[in-house]
Each structure stands twice: as structure tokens, then as C-alpha cells.
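Participant: No sequence on hand, only this structure:
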């Protein structure tokens, strides 16, 4: 990467890390603490946990379209501001309904597509998968750190204090974005209908939308089943499960540079991506046979190794295949598919676990990934810069 690309990647990764750390810190504790709010019921507590993902899914495309028309930086600043307001509302909540409203407003700051589009504007196609991978790693590290420090900070500050901390992280993110991230080249704003047509009508993008839906549906199902499996079969208490997930996620990062090198530099993108789909599917089915924490650690490491490459490659492929003047819209539709997949995977995983048990959840998740292989070959693996309409 050149100096401008390093600044762009470093600044946007820090923005992502701060925002997601503020969000993830409440995940290990929200369900337990939300019971204390006035009017709390199990259904409403679950809604408080999950409403963020729903508003994210609904608003990714509008934010992406807005970034094409109004510019990336202003839209991201507004989205971070909405997240800040949602955090403050959740911090001041005295009822479960008010907490749900705060969480929904947090999700309404749906800037993932706009951030990915800005990163694509500021990087060349040759280094874009690496740049996207660094963003993905920053999110993964935020998740790992949040799992460990979230309960500690909640014990010190209370749940309201953690939401105030999230608001502070959002404010720092806005400063980092404004002071550190380079400005993209000026370009003509994209019309609303043009952006929508580019996001929906381009058939090259459809396999990518479907792929990210499947990938995140399977991932959410994993987090429905595996914590229960660790607790019931392997005797790992919920408070100690980070000691299994954290090493697995950290070790799974190690093969990522080699896989990206094979995909980007050696031109084996299709083989690497298809191989990672197979690896992740086999690892999920293999989890049904584990009899020790060591075996589960290995299976999770293999699964996340495949997941990490897929997570890094997909937005890069979208950004290359989409028209440059509608990149935000395409990445908005991509992010919508991602969050809808997560929502569907959670709902499907819970329903399957209640009716057929833990193993069925993992087998179905592996089957979803295997089904991806049917339409994955239609993915546009290599898009020349001129064909993608790149202007930045």
C-alpha cells in the first residue's frame, strides 16, 4: 500500500474498532441486566438484544445510496452521530421499551456500507482485499476484547455507564474520521434511481449478495449452538467460553495473509474462495463429533480460517464489480443481505435447536454453506479496473 492507502486503512479500521467495541461490550451482559428494567419480559429482552441488527439491515441501503449522492464522509459522520444519540438514549433508559428504542437508534447509524465504499474509493483493486481484511480483523479484535472487558466495565460502571462509554467511542470515531482519513476525489453525485438500478439490476452482484447472506446465516447459527454445546457437552461455563473462542479466532487469523496472497497476487481467487467455503462447511459438521475442548478449538479455528477469508474477499469483489458512481448502493445492498442473513440464521438456529437439537443446527449451517457452492461459480472473480468504472 502507498502512504494514502495506509492512512485510509488505519483511520477507517480505528473508526470501525471504536464503534464496534462500544457496541459489543454490552453483548455479554445485556440479557442479564435487561431483566431489571421496568416491563421486562423474555421476549422484550430478546428484542432489546436483537433490534440493532434489524435496523442495521433496513438502513444499510439508504445510507449507501446517500453516500453516493451526498458524499461518504458526511454520511458516515451523520451515522456515527445517530449511534451516539442511541447510546445516550439507552444509557438513560428506565424501562425496557426505552432500552429497545435506544438499541434500535444505535442500529439506525448503519454506516458499514458507506465505510466500505469509502475504503474502496481510497484503495487500488490490487490491495483492496488486504484493506478489507484489516477492517475485518479490527472488528474481530473489538469482539474479542469486548467479550473480556465488557463484564468488568459493567461491574464498575453499570450498564448505563457502558452505554455512555459507547457514546464516547462514537465521538472519538468522528474525530478520527475527520482528522485522519484522507478525502476521496470529488465526483458527480449519483441519482437515486441510478443507484438502485445499479444495486439490483447488475446480475454479477447477485451471487455476492446471496453468498454473504448464507455466510452470516451460518455464522449466527454457530453462535446459537456452540455456546450451548460447550456448556452441556464439554462442561465449559458461559463465563469461561471466551477462553475457547478467543484462541480460535486469534489462531484463525494466521493463515489469512497467505490465503490473500494466493488469491490476489497469484490469481487463485476462485479456488481459494471455494476452498474456504468447503473448509468452513466441513468444520461445522465436524463440530457435531467433538468430544473435548481441544477438538472444538481446532474445529472453530478451521471454521474461522475459512470465514475470515470469505468475509474479507466478498466486499472487495462487490466494490470491484459495482459501478464506481453506485458503489455505496451496491455495498448497501450487500450489507443489507449480510444483516438479514444474521437475523435469519439466529431465528432458524433457535427453531432448529428447539425441535431437533444442537447437532441439527450445525449440520444445517454446514448444508447452507455447501448449497452456496451451487451459485458461487457465477461470482465475478476478476473485474478489470476499467470495467468497474473506478475513478478514485
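Facilitator: It's in. Predicted model, so just to flag it, every value in this text is computed and none were measured.
Participant: can I see the domain layout of the protein?
Facilitator: The chain resolves into domains spanning 1-180, 192-382 when parsed by automatic domain parsing.
Participant: Columns mean neighbour count and mean pLDDT on top of those, output as CSV?
Facilitator: Where C-beta positions appear, they are placed from N, C-alpha and C, glycine not excepted. Listed next are the domains of the chain as CSV, based on neighbours: other Cβ atoms under 10 Å; pLDDT from 0 to 100:
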stretch, mean neighbour count, mean pLDDT
domain 1-180, 20, 86
domain 192-382, 20, 83
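Participant: List of residues touching the helix or strand containing residue 118?
Facilitator: Residue 118 belongs to helix 112-121 when assigned by DSSP states H and E. Contact with helix 112-121 is made by 8-9, 12, 15-16, 56, 60-61, 63-64, 66-68, 72-73, 75-76, 79, 128, 131-132, 135, 181, 184-185, 315-316, 319, 324, 327-328, 331-332, 334-335, 338, 392, as judged by Cβ atoms under 8 Å, 6 or more residues apart in numbering.
Participant: Those residues in strands, which ones?
Facilitator: Nothing among the contacts of helix 112-121 maps onto strands, per DSSP state E.
Participant: Looking at these, which are in helices?
Facilitator: Mapping these onto helices (DSSP state H) picks out 8-9, 12, 15-16, 56, 60-61, 63-64, 66-68, 72-73, 75-76, 79, 128, 131-132, 135, 315-316, 319, 327-328, 331-332, 334-335, 338.
Participant: starting at the chain centroid, how far to stretch 249-257?
Facilitator: With Cα atoms, centre = their mean, to the nearest Å as the basis, stretch 249-257 stands 17 Å off its chain's centre.
Participant: With stretch 121-129 instead?
Facilitator: For stretch 121-129, the distance to the chain centre is 19 Å (Cα atoms, centre = their mean).
Participant: for stretch 115-129, same thing?
Facilitator: 17 Å.
Participant: And for stretch 92-110?
Facilitator: The chain centre lies 20 Å from the centre of stretch 92-110; the measure is Cα atoms, centre = their mean.
Participant: Likewise for stretch 179-186?
Facilitator: Between the centre of stretch 179-186 and the centre of its chain there are 24 Å (Cα atoms, centre = their mean).
Participant: got the buried residues for it?
Facilitator: With burial defined by 16 or more other Cβ atoms under 10 Å, the residues of stretch 179-186 counted as buried are 181-182, 184.
Participant: dump the residue contacts of residue 107.
Facilitator: Residue 107 neighbours (Cβ under 8 Å, 6+ apart): 51-56, 59, 86.
Participant: let's see it at 6 Å
Facilitator: Shown in contact with residue 107 (Cβ atoms under 6 Å, 6 or more residues apart in numbering): 52, 55-56.
Participant: Same check on residue 328?
Facilitator: Residue 328 neighbours (Cβ under 6 Å, 6+ apart): 64, 67-68, 114, 117.
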